[in-house]
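Chemist: after the sequence you'll find the predicted model.
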Amino acid sequence: YNAQFQYTAVFNRVKDLLYYYYEQKFPPGDRQLYRLEGLDGWGADTEEPFGSLPSATGWQQKTIDRNNSNHATELDRLHHLYVNATVPLGKKLGSIGLKLWGNWHNDRRDDLRQTLATKRRHKFYVDPSVGYNKGRFSLSYKLDHALPAMSYLLDVRDDSNPLIIWLGNDRLKTGYAHVVSSSFLKMSPTRTWSIMGNYKKQQHAVAQQMTYNGSTGVYTYQPVNVNGNWTLELTSGQLFRLGEQRRWQIQGQTALNVAHSVDYVTEETSMSSVRSLVQHVEVNEKVDLAYKGDKTSMGVTVGVRGLFMGSPRPNFEDIHAADIQYGATCSTRLPWRLFLETDLTMYHRRGYADHSMNTNDLVWNGSLSRPLDKRSRWTVKVTGFDLLHRLSNIRQQVNAQGRTETWHNTLPSYAMLHVKYMLDVKPKKKQAEK
């Protein structure tokens with residue numbers, strides 16, 4: 001449950017906002033595990049089928065895995081005090097905004113296994129933010145803290161899977177990030193231009209460190225802090241409106257993303273995970289040409305994404321890959337109040353070391369909708385995705401550490417029926433003052 005209080009006031013053109021928020025949480029955390037091999041006639045090389053349970057009473061107490069079964073209770077009390085002050089500097093100078101988030105955490109977690117493990121946390125921190133605004137230009141800085149999960153801080157051992165052991169770490173530090181953002185927008189009847197930038201540097205992020213015992217084949221994982229993660233994002237976009245009625249539009253967007261990723265990874269020749277630094281550069285360029293008519297709208301799009309990744313880590317294979325897409329869109333009104341939308345796009349992926357990722361996919365999507373009443377409050381719509389069934393149900397992508405992640409049994413092609421009702425409630429007219 002939670003409660004909150006807010007107060008707003010203006011003193012000498014300075015607008016102040018005071019906001020207090022209290023929150024209390026009770027996350028559940030019970031887990032009961034049993035080892036049936038402790039019963040006669042159960043376990044490996046017995047006649048009982050895998051997955052079946054004994055019918056006799058009392059088997060739970062005889063076979064419970066007390067080292068890994070736990071009764072966990074956690075109580076988190078959070079106090080948040082938010083102060084916001086906006087100071088105007090004049091029409092020509094803009095304004096300065098100052099925000100302060102005061103956060104007080106009073107947390108406790110009890111974990112009962114063979115013995116009782118208790119962790120208490122009393123933490124107070126302030127997240128400040130300062131910003132400057134003038135017209136369509138803005139510049140801001142903020143500090144964000146991130147507390148590690150209470151379950152990570154317990155000094156416990158989980159070996160419910162004999163080949164994978166999980167350990168806690170009560171020495172984890174509180175993470176925090178410095179964030180600097182800026183944006184500028186310029187508009188005219190025929191042109192819009194914008195540029196945005198964002199820089200984020202993280203300290204004491206949480207990663208999983210692994211050690212491997214070659215004689216037993218057991219992996220041991222433990223959360224640890226890592227430093228050195230930062231990202232830089234720059235985006236610029238332009239929009240041109242052409243023609244007397246400005247029905248034609250040309251829009252271009254350029255983006256540059258640079259990342260410095262630090263984590264722990266496992267090498268095939270290593271008995272433990274090693275600290276990995278990967279430098280990531282991504283360049284995106286996209287151009288759209290669109291025409292908007294009274295009943296029909298059409299457009300074409302072309303996009304290119306370049307991905308470059310490198311690392312001083314031994315055996316790391318640099319990545320120089322490109323994703324290319326181009327296609328067309330169309331939407332039009334048909335007889336009988338039908339509305340058709342469709343798009344056809346070709347996707348190319350090139351330059352990946354895993355040749356199964358270098359694909360060519362032609363994707364066709366479409367939808368057909370129709371209002372059911374005169375006021376168009378009820379609408380029925382049928383949507384089809386990947387009508388040509390060209391996409392695979394195996395999805396692959398490269399993560400921040402340059403490793404390929406694979407998802408199986410995804411849903412690339414589907415159809416969906418939508419029924420939509422638009423609720424439009426207008427306030428009653430106030431009676432005229434006497």
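Modeler: Structure's in. What do you need?

Chemist: what's in contact with stretch 407-419?
Modeler: For stretch 407-419, the surrounding residues in contact (CB atoms under 8 Å, 6 or more residues apart in numbering) are 369, 378-387, 389, 391-396. Where C-beta positions appear, they are placed from N, C-alpha and C, glycine not excepted.

Chemist: now find how far off-centre it is within its chain.
Modeler: Its chain's C-alpha centre and that of stretch 407-419 lie 21 Å apart, by CA atoms, centre = their mean, to the nearest Å.

Chemist: span of it from start to end?
Modeler: Taking CA to CA, to the nearest Å, stretch 407-419 runs 31 Å from one end to the other.

Chemist: got a PyMOL select line for the buried ones in the contacts of stretch 407-419?
Modeler: Provided next is the PyMOL selection string for whichever of the contacts of stretch 407-419 are buried by 16 or more other CB atoms under 10 Å:
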select buried, resi 369+379+381+385+386+391
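
Chemist: low pLDDT regions in this structure?
Modeler: 1-2, 4-15, 38, 40-41, 43-45, 47-53, 55-58, 268-270, 428-434 (pLDDT under 70).

Chemist: ranges for the strands of the stretch 251-400 of the chain?
Modeler: Taking DSSP state E, counting those that start in this stretch as the test, the strands found in the stretch 251-400 of the chain are 274-292, 296-310, 319-334, 338-350, 360-371, 378-385, 395-398.

Chemist: dump those to a markdown table, plus distance to Trp248.
Modeler: What follows is these, written out as a markdown table (distance: least, CB to CB, whole Å):
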| stretch | distance to Trp248 |
| --- | --- |
| strand 274-292 | 6 |
| strand 296-310 | 10 |
| strand 319-334 | 15 |
| strand 338-350 | 19 |
| strand 360-371 | 24 |
| strand 378-385 | 28 |
| strand 395-398 | 35 |
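
Chemist: so which of the ones you listed is nearest Trp166?
Modeler: Closest approach to Trp166 among those is made by strand 274-292 (19.6 Å; CB to CB).

Chemist: export the closest one as CSV, just CAs?
Modeler: Listed next in CSV are the C-alpha coordinates belonging to strand 274-292 (Å, rounded to 0.1, in the frame of the first residue of the first chain):
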residue,chain,number,x,y,z
VAL,A,274,36.6,-12.8,-16.9
ARG,A,275,36.0,-9.0,-16.9
SER,A,276,35.0,-8.1,-20.5
LEU,A,277,35.2,-4.6,-22.1
VAL,A,278,33.3,-4.2,-25.4
GLN,A,279,33.2,-1.0,-27.4
HIS,A,280,30.0,-0.6,-29.4
VAL,A,281,29.3,1.9,-32.2
GLU,A,282,26.0,1.9,-34.0
VAL,A,283,25.1,4.3,-36.8
ASN,A,284,21.5,4.6,-38.1
GLU,A,285,20.2,6.5,-41.2
LYS,A,286,16.6,6.5,-42.3
VAL,A,287,14.8,8.4,-45.0
ASP,A,288,11.0,8.5,-45.6
LEU,A,289,9.0,10.0,-48.4
ALA,A,290,5.2,10.2,-47.9
TYR,A,291,2.2,11.6,-49.7
LYS,A,292,-1.1,12.3,-47.8
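
Chemist: tell me the angle it makes with strand 319-334.
Modeler: Put simply, strand 274-292 runs at 30 degrees to strand 319-334, going by axes from the mean of the first three to the mean of the last three CA atoms, to 10 degrees.

Chemist: buried ones in strand 274-292, by neighbour count?
Modeler: Ser276, Leu277, Val278, His280, Glu282, Asn284, Lys286, Val287, Asp288, Leu289.

Chemist: do stretch 139-151 as well
Modeler: Neighbour count says stretch 139-151 has Leu139, Ser140, Lys142, His145, Leu147, Pro148, Met150, Ser151 buried, by 16+ other CB under 10 Å.
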